[in-house]
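In: predicted coordinates and the sequence they were generated for:
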Amino acid sequence: MHLGRHLFLSLLALAVAGGVLAPAGPASAATPTTLAVSAAARPADADAVVQLDLRTSAGAPVPGATLAVERQVRGAWQPVGTLVTDAAGHAQVSARVSRVAADNLFRASYAGDPTYDPATGSGAIPITRRPTRLLLDAPRRVVDGRAVAVRTRWRTTDGKPVVGGRITLLRKAPGQRRWRRAATLTADAQGRAKLRVRPRADSVWIAKGATNDWVRGDTSPRRRIDNRPPGRRVSLPKGAPRPRVSLPRQQRAAGRGPNVSISPLSDAVWSSMTGRSWHAGCPVGRAGLRLVRVNYWGYDGYRYRGEVVAATDAADNMAGALAEMYRRKLPIRAMYRVDRFGWSGRLGGADDYRSMAAGNTSAFNCRSVVGRPGVRSPHSYGRSLDVNPWENPYHSRQGVVPNRWWVGHAHPLVAWRSRSHAVVQVMARHGLRWTYGTRDAHHFDVVGSARRAVSPELSPRLLHPQCEGFVCD
């Protein structure tokens with residue numbers, strides 16, 4: 001009996017010594033803690049107080065604790081300092097509120113001690129966004145094509161510049177419903193930004209400042225820019241009729257001066273011409289034609305970009321004449337390619353009736369003579385140019401087209417009734433003859449070394465034999 005008890009105690013001692021059985025020690029004395037970081041909302045650039053509160057999980061304060069405080073700056077944590085909690089477990093630090101929300105983030109840590117467990121916490125200073133005022137300034141009037149500055153100034157209502165603020169400039173033409181973005185700008189150190197523009201039409205502008213971390217966005221009052229023509233408007237006689245066919249304004253002029261361009265026909269241009277101003281059986285094909293593009297002065301005083309199709313060996317003549325008209329500010333009503341007006345069954349080509357009724361200046365058109373079905377027009381060769389037909393009528397076999405009113409009227413700029421007129425003289429200097437005079441006032445033909453390749457209809461004294469006394473437009 002004594003031997004058994006002695007054996008049991010020996011085995012128990014060995015088990016304890018080997019760790020198989022260990023006597024239970026006392027529970028840990030450290031108390032769990034929480035660390036809160038908070039601050040009241042403040043405007044950017046103002047001073048704020050960051051509150052730190054260290055407590056036990058049961059809510060009791062932890063006094064005399066040392067806290068390490070850090071602040072995030074441009075994505076990296078920077079030390080602020082160390083604080084010691086008071087009897088209520090509180091500590092606080094003053095800080096200037098940044099305009100960048102991410103830079104207003106703070107964190108604190110408590111290393112703990114034998115009595116209290118470690119704790120960490122983080123929190124941010126909420127930014128109260130400042131109200132702002134965005135102003136937009138631009139000239140009220142600008143001459144078409146000239147560069148002007150659209151300027152903005154963005155400040156808070158208490159005068160602080162919104163440095164780095166994003167500003168979107170929007171514009172639209174009067175009558176349009178939707179605004180179109182013109183540019184996105186960034187305000188400089190004074191809260192200013194500007195954009196240089198070349199307005200080509202009347203426009204209305206606004207600026208929108210985007211809300212960001214520290215300011216509320218704002219929209220400027222509207223600003224209207226009145227686009228003025230660089231030239232004089234054509235003053236027509238009282239009672240002068242308007243063209244029967246209306247055309248949209250052409251693209252505004254490109255570059256300086258007449259800016260002449262002569263090029264082969266692109267696929268897009270040729271596709272548009274085929275079945276309208278050109279068709280199988282025409283005396284000249286794509287390789288023998290050129291696209292002449294040139295700036296011109298419109299009747300409204302604005303500069304536009306027009307184009308005609310001409311024979312390769314006549315393109316220089318037409319381009320030179322049209323360029324001189326530009327330099328002398330002799331206006332042209334419109335200058336679209338004649339294929340714009342579609343196919344005409346009675347002409348067997350593009351609809352020159354509509355082109356004339358629109359006052360459109362044009363050249364190549366593989367068709368019959370107006371009023372003479374089956375008689376090939378000299379325009380089929382690409383060596384004839386019609387200029388301002390509305391004011392310079394044509395006496396066709398069926399009557400005067402496109403109107404009779406202008407037969408008895410002249411104009412120093414746009415309607416000619418003699419060879420002394422400036423336009424007729426410009427054409428003559430570039431090898432374009434006023435072939436039929438007032439019988440076909442708008443019609444000019446390229447003459448010169450290539451004349452024989454065209455036909456005798458270009459003679460200034462002889463009418464086309466098939467026209468039976470009528471001119472061949």
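Out: The structure has been received and is ready for your questions.
In: could you find the closest non-adjacent residue to the most centrally placed residue in the chain?
Out: By C-alpha atoms, centre = their mean, the chain has its centre lying nearest to residue 182, at 5.2 Å. Leaving aside its sequence neighbours, residue 182 sits nearest to residue 169 (C-beta to C-beta, 6 or more residues apart in numbering; 4.4 Å). C-beta: built from backbone N, CA, C; applies to glycine.
In: likewise for residue 434?
Out: Closest residue to residue 434 apart from its sequence neighbours, by C-beta to C-beta, 6+ apart: residue 424 at 5.0 Å.
In: export the strand or helix carrying that neighbour as CSV, just CAs?
Out: Taking DSSP states H and E as the definition, one finds residue 424 inside helix 422-429. Taking Å, rounded to 0.1, in the frame of the first residue of the first chain, the C-alpha atoms of helix 422-429 are listed here in CSV:
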residue,chain,number,x,y,z
ALA,A,422,-13.5,94.4,-112.5
VAL,A,423,-14.6,90.7,-112.5
VAL,A,424,-14.5,90.5,-116.3
GLN,A,425,-11.0,92.1,-116.4
VAL,A,426,-9.7,89.7,-113.7
MET,A,427,-10.9,86.8,-115.7
ALA,A,428,-9.3,88.1,-118.8
ARG,A,429,-5.9,88.5,-117.1
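In: follow-up on the earlier one: the residue nearest to residue 182 and residue 202, how far apart?
Out: In this view, residue 169 and residue 202 are 16 Å apart by C-beta to C-beta, to the nearest Å.
In: could you do residue 438 as well?
Out: Plainly put, residue 438 is 39 Å away from residue 202 if you go by C-beta to C-beta.
In: just the pLDDT for residue 372.
Out: We note a pLDDT of 85 for residue 372 in this prediction.
In: count of neighbours near it?
Out: 21 (other C-beta atoms under 10 Å).
In: beta-bridge partners for it, please?
Out: On the basis of DSSP bridges, residue 372 takes part in beta bridges with residue 369.
In: distance of it relative to residue 435?
Out: 16 Å.
In: ok, back up a step: so who does the residue nearest to residue 434 touch?
Out: Neighbour list for residue 424: 416, 418, 434 [criterion: C-beta atoms under 8 Å, 6 or more residues apart in numbering].
In: now do 10 Å
Out: If you count contacts by C-beta atoms under 10 Å, 6 or more residues apart in numbering, residue 424 has them with 387, 416-418, 432-434, 437, 441, 444.
In: what of residue 174?
Out: Counted by C-beta under 10 Å, 6+ apart, residue 174 has contacts 201-204, 224, 226.
In: now do residue 295 against residue 272, distance only.
Out: The gap separating residue 295 from residue 272 is 22 Å, by C-beta to C-beta.
In: who's more crowded, the two?
Out: More neighbours surround residue 295 than the other of residue 295 and residue 272, with 22 against 16 (other C-beta under 10 Å).
In: what's the helix or strand for that one?
Out: Applying DSSP H and E, one finds residue 295 within strand 289-297.
In: for that strand, packing partners?
Out: For strand 289-297, the packing partners by 3 or more C-beta pairs under 10 Å, 6 or more residues apart in numbering; DSSP states H and E come out as strand 261-263, helix 267-273, strand 303-311, helix 315-327.
In: which other helices and strands contact the last one?
Out: To tie it back to what came earlier, the one meant is helix 315-327. Under the contact definition 3+ C-beta pairs under 10 Å, 6+ apart, helix 315-327 sits against strand 261-263, strand 289-297, strand 303-311, strand 384-386, helix 422-429, strand 432-433, strand 443-446.
In: can you name the next helix or strand after that helix?
Out: Sequence-wise, the next helix or strand downstream of helix 315-327 (DSSP H and E) is strand 343-344.
In: state the pLDDT value of residue 469.
Out: Predicted confidence (pLDDT) for residue 469: 44.
In: err, residue 350, not the other one
Out: Listed pLDDT for residue 350 reads 97.
In: that one touches residue 362, doesn't it?
Out: Yes - between residue 350 and residue 362 there is a contact at 8.3 Å, judged by C-beta atoms under 10 Å.
In: thinking again about what came up before, quick one: average pLDDT of the strand holding residue 295?
Out: Across strand 289-297, pLDDT averages out at 98.
In: direction included, what does it pair up with?
Out: When DSSP bridges is applied, strand 289-297 pairs with strand 261-263 (antiparallel), strand 303-311 (antiparallel).
In: now these in JSON lines, with mean neighbour count and mean pLDDT?
Out: As requested, these are exported to JSON lines (neighbours: other C-beta atoms under 10 Å; pLDDT from 0 to 100):
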{"stretch": "strand 261-263", "mean neighbour count": "14", "mean pLDDT": "98"}
{"stretch": "strand 303-311", "mean neighbour count": "23", "mean pLDDT": "98"}
